[in-house]
Structure formats: structure tokens, C-alpha cells
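[1] Next input, structure requested:
(one chain, ligands or ions: 1)
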Amino acid sequence: MNIYFAPLEGITGMIFRQAYEKNFGGIDRYYAPFVTTRDGGIMKKKEKRDILPENNKGIDLVPQIMTNSVEDFRKTAGQMAEMGYREVNLNLGCPSGTIVPKRKGAGFLREPEKLERFLDGIYTDAPLAISIKSRIGFYEPEEFRRLLDIYNQFPVKELILHLRTREEFYNGPVHEEAFEYAAEHSKNPLCYNGDVCFIEQIEKLKEKYPSLSSVMIGRGFLRCPGFVTGENRADKIYQFMTDLEQAYEEYMSGEVPVLFKMKEMWTYLQASFPEGEQWFRKIKKMKKLSEYKKFMREKFE
Ligand SMILES: Cc1cc2nc3c(=O)[nH]c(=O)nc-3n(C[C@H](O)[C@H](O)[C@H](O)COP(=O)(O)O)c2cc1C
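    As a prediction, the model looks like this:
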């Protein structure tokens, strides 16, 4: 069974992926955070840089598109195909209040007929394989049956299911029963996503769904970066965080955005350490990157 690193916008960009791969690895495929299409499907420079193969050496990467326009999807996917990608992922999960009203991300799930027409458009003569990352509904998990009927009409390379509705954002328990239904009725390969953060959970999923092709993990890797490889040790984490911080320092201008990135990492990473919560309270208040670096040295060296 494959292990995928979930796309986490603002976190798992090229710099993160390189630092993670160097220090932990164990990932069969990374999914890049979404790019939104704009006029003519041309990606922003920054978005393009993030997925350029030369910036992702040694990493099996699938780029992701979020759009509701067949034409824009085709153009952007075409650009990705030219870069050498053979698969692109469609985002039908983003719950953001600025995205949903535009009928994009999870917002598209509210209009199944339009979604069906859109999928018909993008799967016709697609220049590369298309996988889908979807929530199980907009308001209610019961919507999933209808959505799966739609997905079943298309050659979805892999159907990645984040087992929550849009209204649930990232909170509350996942709807395992929706995955059971999918395992019985999906005509396409499935990937399980949502709240996987222990190796025992992966073992259970393998047992329960012997034909499951993959599991996608996001926040579990941020909380315990080495849990899958069995190396969630302080020395490994320290090296990873040092590499990440240094790479951001080279890449970003000014200390403040780097410190911000580190604080964001620690909102999750605190879970790896018994004193993590206490450390995070201190890190949160820091104003200077030098203060953060000193703190890290004191705790880890
Ligand atoms: C900060 C953040 C950013 C995210 N960005 C994306 C994204 O760009 N594309 C996407 O499909 N999902 C995105 N997600 C959703 C995750 O990929 C994943 O589906 C979700 O976090 C549930 O999996 P997990 O419990 O393993 O984290 C994001 C989630 C978070 C918390």
C-alpha cells in the first residue's frame, strides 16, 4: 500500500518536501498544494516554481489544480504535462470561505450536475491521468452516494477521499462508514485520507480493506514527522527543523516570514514532545529568529 504526503497549502511546498525527503523519506508520492487557474490557465510564477521538476528532484510529485472551468483545467494540465507530469489531481475538497462561493474546491460538491458536466469535459481527451481529491459531501455525509455515482462514470486514476463534509472543515471524527461504502461501490482505486497519525491505524486499514491502494497523511506527518518510518526521534526532528529553517532563510527575504513558518510548524510539532505545549507557548511569543534559533539549540543540543 502506498503512503502519500497530503497537500497542505502554505506548508508542504518545494522547500518543505526537500527537507522532509532528506530527513525522513518513506513517502511514495507527494501531492503539491493546489494551483488556481486564472485567465488562460497560466500559473503564477510562484506556483510554477513550486512544481518545476528541477525544484523537486528525487521526489515523486503530483501537482493539483483547483478550478471549475474545463478550458482552464485543460490549459493548466497541458502545461503540467509539458513539464513531464503524467498525473494531475483535481481539488474538490478546499473548504475555504473565499473559495467555496466561487464553486471551486468543496464548493463544487454542492452542484452535482455542474460537477458531472465539468468532469465530462476534463476527462475527454485528457493529456494526462486525472486523480480526484474529494470530501464526501458539502452539508451531509449522505450526499456521498450521489457523488460516488458521478465519480464512477469516469476513469479516475485514484479517488482520494477526505472523509469529512465541507461543513466539518477539519474538525470532528471522520466518517469511516463513507469509506466502507466507497470500498464496496467504487469502480476506481481508492485512497483513504483523514486523521491518520499512528502506524496501527495504517495496519488496521490494510486489514480491513485488502485492496486499498493508498493512504494519504497530512497533519499526522506534521505532528510526528517520523511516525511511518519509526524514526520520530528528537535528533531527526531537530535536523529536519534546522534544514527547513535554513532553507527558508535562503529562500525568503527577511526574518519575520521565516519565524512565522517555524511557528506554524510548531503548532503541529508540539505533539511530538512531552513539553511541546510549553515550548510552543514560548515560541509563539518570539519576535526574532535569533531567539528561536537559540531556543532550539538549548533544547536539542
Ligand atoms: C493548512 C492546510 C492546508 C491544506 N491545503 C490543501 C491543499 O492545497 N489541497 C488539498 O487537496 N488539501 C489541502 N488540505 C487538506 C489536506 O490535504 C487533508 O486532506 C486534510 O488535512 C485531512 O488529512 P489529515 O488529517 O491527514 O491532515 C489542507 C489542510 C490543511 C490543514
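[2] Show me what residue of the stretch 201-301 of the chain gets nearest to the ligand.
    Residue of the stretch 201-301 of the chain nearest the ligand, by Cβ to the nearest ligand atom: residue 218 (2.9 Å). Glycine gets a C-beta too; all of them are placed from N, C-alpha and C.
[3] Surely that residue and residue 5 touch.
    Yes. In this structure, residue 218 is within contact of residue 5 by Cβ atoms under 8 Å, at 7.4 Å.
[4] higher neighbour count, the two?
    Between residue 218 and residue 5, counting by other Cβ atoms under 10 Å, residue 5 is the more crowded of the two (26 against 23).
[5] can I assume that one is in contact with residue 217?
    Yes. Counting by Cβ under 8 Å, residue 217 is a contact partner of residue 5 at 6.7 Å.
[6] Am I right that residue 91 falls within a strand?
    Yes. Looking at residue 91 with DSSP: H, G, I helix; E, B strand; the rest coil, it is inside a strand.
[7] Once you drop chain neighbours, what's closest to it?
    In space, residue 91 comes closest to residue 66 once its chain neighbours are excluded; the distance is 3.9 Å by Cβ to Cβ, 6 or more residues apart in numbering.
[8] Now for the one you found, how many residues are close by?
    When neighbours are counted by other Cβ under 10 Å, residue 66 registers 26.
[9] who touches it in this structure?
    Shown in contact with residue 66 (Cβ atoms under 8 Å, 6 or more residues apart in numbering): 34, 35, 36, 37, 90, 91, 94, 99, 104, 105.
[10] now residue 100
    Counting by Cβ under 8 Å, 6+ apart, residue 100 has contacts 94, 106, 107, 110, 166.
[11] Quick one: residues contacting the fourth one.
    Each residue near residue 110 by Cβ under 8 Å, 6+ apart is listed here: 100, 103, 138, 139, 166.
[12] 6 Å - rerun?
    Contacts here follow Cβ atoms under 6 Å, 6 or more residues apart in numbering; on that basis residue 110 touches residue 138.
[13] Tabulate the contacts of residue 66 (a markdown table), appending neighbour count and distance to the ligand.
    As requested, these are exported to a markdown table (neighbours: other Cβ atoms under 10 Å; distance: Cβ to the nearest ligand atom, whole Å):
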| residue | neighbour count | distance to the ligand |
| --- | --- | --- |
| 34 | 23 | 4 |
| 35 | 25 | 9 |
| 36 | 18 | 10 |
| 37 | 24 | 14 |
| 90 | 24 | 9 |
| 91 | 24 | 5 |
| 94 | 23 | 6 |
| 99 | 19 | 10 |
| 104 | 21 | 12 |
| 105 | 26 | 8 |
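[14] Having no further points to raise, I will conclude here.
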